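>>> Fold the following for me, if possible:
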Amino acid sequence: MKVGTAGSKDSNDCFVTVKESDKTDIIIDSIVAAFFYDQIKATVEETLKEMNVNNVIVVVEDKGALDYTIKSRLISAIKRMK
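So this is what the prediction gives:
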């Protein structure tokens with residue numbers, strides 16, 4: 001199974017794990033989920049679409065990261081999948 005990770009669990013960052021799967025699933029654990037869950041999910045979905053990536057499980061462990069940080073961590077995790 002291919003797995004890629006990127007980021008950290010420090011404040012204002014996120015740790016992203018991407019794994020091969022038979023369907024696409026997005027799991028978000030965020031300290032700001034009550035306010036930004038939908039925005040985080042939309043950022044992940046848009047990035048997957050831009051990169052034409054399907055059939056993966058994406059786990060985002062967010063500690064208050066901004067959109068561009070989430071996107072860059074996701075791109076890095078996808079590129080690191082082995």
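>>> Please make it C-alpha for all contacts and neighbour counts, starting now.
Noted.
>>> which residues in this protein form helices?
33-50, 67-79 (DSSP state H).
>>> mind checking which of these is nearest Asp25?
helix 33-50 (9.9 Å; CA to CA).
>>> Now tell me what touches the closest one from outside.
Helix 33-50 is contacted from outside by Ile26, Ile28, Ser30, Asn54, Asp67, Ile70, Lys71, Leu74, Ile75, using CA atoms under 8 Å, 6 or more residues apart in numbering.
>>> Export those residues as a markdown table, with columns for distance to Ala6.
Putting these into a markdown table (distance: CA to CA, whole Å) gives the following:
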| residue | distance to Ala6 |
| --- | --- |
| Ile26 | 16 |
| Ile28 | 15 |
| Ser30 | 16 |
| Asn54 | 18 |
| Asp67 | 15 |
| Ile70 | 10 |
| Lys71 | 11 |
| Leu74 | 7 |
| Ile75 | 9 |
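>>> Produce a PyMOL select command limited to the buried residues of those residues.
To isolate the buried members of the contacts of helix 33-50 in PyMOL, using 16 or more other CA atoms under 10 Å:
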select buried, resi 28+30+70+71+74+75
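>>> Out of the contacts of helix 33-50, which is nearest to Lys9?
Using CA to CA, the contacts of helix 33-50 come closest to Lys9 at Ser30, 10.7 Å.
>>> Do you know the pLDDT at the closest residue to the closest one other than its chain neighbours?
Closest residue to Ser30 apart from its sequence neighbours, by CA to CA, 6 or more residues apart in numbering: Asp62 at 4.4 Å. Asp62 is assigned 98 on the pLDDT scale.
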